[in-house]
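Novice: show me how the following folds:
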Amino acid sequence: MLIGLLVFMLVLSAFFSGSETSLMTINRYRLRHLVKLKHSGAIKAQQLLQRPDRVLGLILLCNNFVNNFASSIATVIAIKLYADQESSVAIAAAILTLVMLIFSEVTPKTLATIKPELLALPSAWVYTILLKIFYPIVWLINSLAHLLLRTIGMDASKTNHTELNKDELKSIISEAESVMPIRYQKMLLGILDLESATVEDIMTPRNEIMGIDLEAPIDEIIYNIKHSTHTRLPVYKQNIDRVIGFLHLRKVLIELNQENFDKQTVISLLSKPTFVPESTPVHTQMLRFKSEKIRIGLVVDEYGDVQGLVTLDDLLQEIVGELITEEADYIKLQSDGSYLVDASLTVRELNRLTQFSLPTEGPKTVNGLILDFMEMIPDVGTSIRLHGYALEIIKRDKNSVKMVKFLARQKV
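Specialist: Modelled structure (predicted):
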């Protein structure tokens, strides 16, 4: 009878040990999903985990009682079986420790770690009943434990185990390759970055703006209109700071073959220019474009000078990725694990495509980041360690770096 009772205690100990691990390691988001599906065990488990200190107090109370009772039974059995009481008690304690370690601790806890739902959901029913029975004792234990924690400045009642910050959420999405395509991962990461992104981060820089200079000859203006790869062009006098409007090619192409086509015709077809402060958040500008039904604007600094151009496509690209040009045109993964990168690529986009952590607060492009770091235009073949990433200059021109090779995929 004593041996049977001891085995029963060992089984109970295994149950309490395994269920403790399973309840503490169960995926909280999987649990919420099961609650939405009206799974009764999941509902009970979620209610218990709203106060994990209580369920832990209950489990440890039961587990310690069972373990101590098992030890007492083993001692009685040893005394009855062997005449030498001192040595028999020591042997029984050693054997019981080994048995409990294997069968009541390591095995059930390992199982609970691998399959937490297997024990967590059924055990939630048991603990709900036990908590009602032993609530006064559990309350006393938790009150004393909380009092001790407060002496070292900890308040257990204010701990939230389900909160995620933005970086943790980004890590979860980055590791979700098995449940969603990479393109959708990038879209979700782009949405998370919208809060910190400004139009300055995604604009077409001033030196790359394609436009029409009204001071140029009419033949040159016509040529630029016919060969433009964009549907909307800024029209200015001498330089982009003196912009007078935007020209939609759909309107002007109808007039282009008329005999009386001249600069005045171009002016009559212009729409009013929109100016956007460079510090405007991307999501704010997206809402503005939508409400005002416009698709393009000029980005200006605090002095009113044009710094670049932003379109609705640029804003959408920040979420869904490249719309027209393939990303492979800007960055290519080499066979040795290095990256060949167009230096005109923005730092934000490079970080998103490669999971780098280059700083985005300063220069916006890889070229700008290199020039700011070196305070000069490096020669081809120069190797540097840029904020922890080793890279080599592959191509440059008179004014800027054109192509670089990131030698390492991680910080060195």
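Novice: am I right that residue 361 falls within a strand?
Specialist: No. Counting by DSSP: H, G, I helix; E, B strand; the rest coil, one finds residue 361 to be coil, located in no strand.
Novice: how many other residues sit next to it?
Specialist: If you count neighbours by other C-beta atoms under 10 Å, residue 361 ends up with 7. Every C-beta, even on glycine, is put in place using the N, C-alpha and C of the backbone.
Novice: for residue 197, see how far away it is.
Specialist: Applying C-beta to C-beta, to the nearest Å, the value for residue 361 to residue 197 is 12 Å.
Novice: what do you get for residue 344?
Specialist: 18 Å.
Novice: per-residue confidence for residue 125?
Specialist: Each residue has a pLDDT score; the one for residue 125 is 90.
Novice: and it, how far is that from residue 132?
Specialist: If you measure residue 125 against residue 132 using C-beta to C-beta, the figure is 12 Å.
Novice: give me the more crowded residue out of these two.
Specialist: A direct count of neighbours by other C-beta under 10 Å for residue 125 and residue 132 places residue 125 higher, at 13 against 8.
Novice: which non-adjacent residue is nearest the more buried one?
Specialist: Spatial nearest neighbour of residue 125, chain neighbours left out: residue 44 (5.7 Å); criterion: C-beta to C-beta, 6 or more residues apart in numbering.
Novice: quick check: mean pLDDT of the one helix or strand the one you found maps to?
Specialist: Remark: residue 44 resides in helix 40-49, with elements defined by DSSP states H and E. In this model, helix 40-49 has an average pLDDT of 86.
Novice: what comes up buried for it?
Specialist: Residues of helix 40-49 classed as buried by neighbour count (16 or more other C-beta atoms under 10 Å): 41, 42, 43, 44, 45, 46, 48, 49.
Novice: which residues sit against the longest strand seen in the chain?
Specialist: In the chain, assigned by DSSP state E, the strand with the most residues is strand 239-248. Contacts of strand 239-248 with the rest of the structure, by C-beta atoms under 8 Å, 6 or more residues apart in numbering, involve 206, 209, 211-212, 214, 225, 231-237, 266-267, 269-273, 296, 298, 305-306.
Novice: follow-up on the earlier one: tell me the one of the buried residues of helix 40-49 nearest residue 64?
Specialist: Proximity of those to residue 64 was ranked by C-beta to C-beta; the top entry is residue 48 with 19.0 Å.
Novice: which residues sit in contact with residue 99?
Specialist: Residues near residue 99 by C-beta under 8 Å, 6+ apart: residue 10.
Novice: make it 10 Å
Specialist: Residue 99 makes contact with 6, 7, 10, 13, 70, 74, 105, according to C-beta atoms under 10 Å, 6 or more residues apart in numbering.
Novice: now the buried members of those.
Specialist: Listed as buried from those are 6, 10, 13, 70, 74, 105; burial here means 16+ other C-beta under 10 Å.
Novice: ok, the fourth one to residue 381 distance?
Specialist: Looking back up the chat, that one is residue 70. Going from residue 70 to residue 381 by C-beta to C-beta gives 73 Å.
Novice: put the alpha carbons of the helix holding residue 44 into PDB.
Specialist: What follows is helix 40-49, C-alpha atoms only, in PDB (Å, rounded to 0.1, in the frame of the first residue of the first chain):
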ATOM      1  CA  SER A  40     -13.100  25.700 -22.900                       C
ATOM      2  CA  GLY A  41      -9.600  24.600 -21.700                       C
ATOM      3  CA  ALA A  42      -8.000  27.700 -23.300                       C
ATOM      4  CA  ILE A  43     -10.600  30.000 -21.600                       C
ATOM      5  CA  LYS A  44      -9.700  28.500 -18.200                       C
ATOM      6  CA  ALA A  45      -6.000  28.700 -18.900                       C
ATOM      7  CA  GLN A  46      -6.200  32.400 -20.000                       C
ATOM      8  CA  GLN A  47      -8.200  33.200 -16.800                       C
ATOM      9  CA  LEU A  48      -5.500  31.600 -14.700                       C
ATOM     10  CA  LEU A  49      -2.700  33.300 -16.500                       C
END
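Novice: now for residue 223, how many residues are close by?
Specialist: By other C-beta under 10 Å, 12 other residues sit near residue 223.
Novice: stretch 47-55 spans what distance, first to last residue?
Specialist: Stretch 47-55 has an end-to-end distance of 10 Å (C-alpha to C-alpha, to the nearest Å).
Novice: need the contact partners of it.
Specialist: 19-20, 23-24, 26, 28, 31, 35, 45, 56-58, 120, 123-124, 127-128, 130-131, 135, 138-139, 141-142, 145-146, 149, 156-157, 159, 161-162.
Novice: save the buried residues of helix 40-49 as CSV, and put in distance to residue 332 too.
Specialist: CSV is the format used below for the buried residues of helix 40-49 (distance: C-beta to C-beta, whole Å):
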residue, distance to residue 332
41, 51
42, 47
43, 51
44, 53
45, 48
46, 47
48, 52
49, 47
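Novice: ok, so of these, who is nearest residue 62?
Specialist: Nearest to residue 62 out of the buried residues of helix 40-49 is residue 48 (C-beta to C-beta; 13.8 Å).
Novice: ok, how many other residues are close to the residue nearest to that closest one when sequence neighbours are not counted?
Specialist: Nearest non-adjacent residue to residue 48, counting by C-beta to C-beta, 6+ apart: residue 55, 4.6 Å away. By the criterion of other C-beta under 10 Å, residue 55 has 25 neighbours.
Novice: do you know how far residue 55 is from residue 133?
Specialist: On the measure of C-beta to C-beta, residue 55 and residue 133 end up 14 Å apart.
Novice: same check, this time on residue 183
Specialist: On the measure of C-beta to C-beta, residue 183 and residue 133 end up 54 Å apart.
Novice: show me the helices in the stretch 151-300 of the chain, by range?
Specialist: Assigned by DSSP state H, counting those that start in this stretch, the stretch 151-300 of the chain shows helices spanning 166-174, 182-193, 199-202, 218-226, 249-255, 263-268, 282-292.
Novice: single out the most deeply packed of those.
Specialist: Across the helices of the stretch 151-300 of the chain, the average number of neighbours (mean count of other C-beta atoms under 10 Å) peaks for helix 199-202, which reaches a mean of 22.
Novice: summarise which helices and strands it is packed against.
Specialist: strand 275-277, helix 282-292, strand 296-300, strand 306-311, helix 312-320, helix 347-354 (3 or more C-beta pairs under 10 Å, 6 or more residues apart in numbering; DSSP states H and E).
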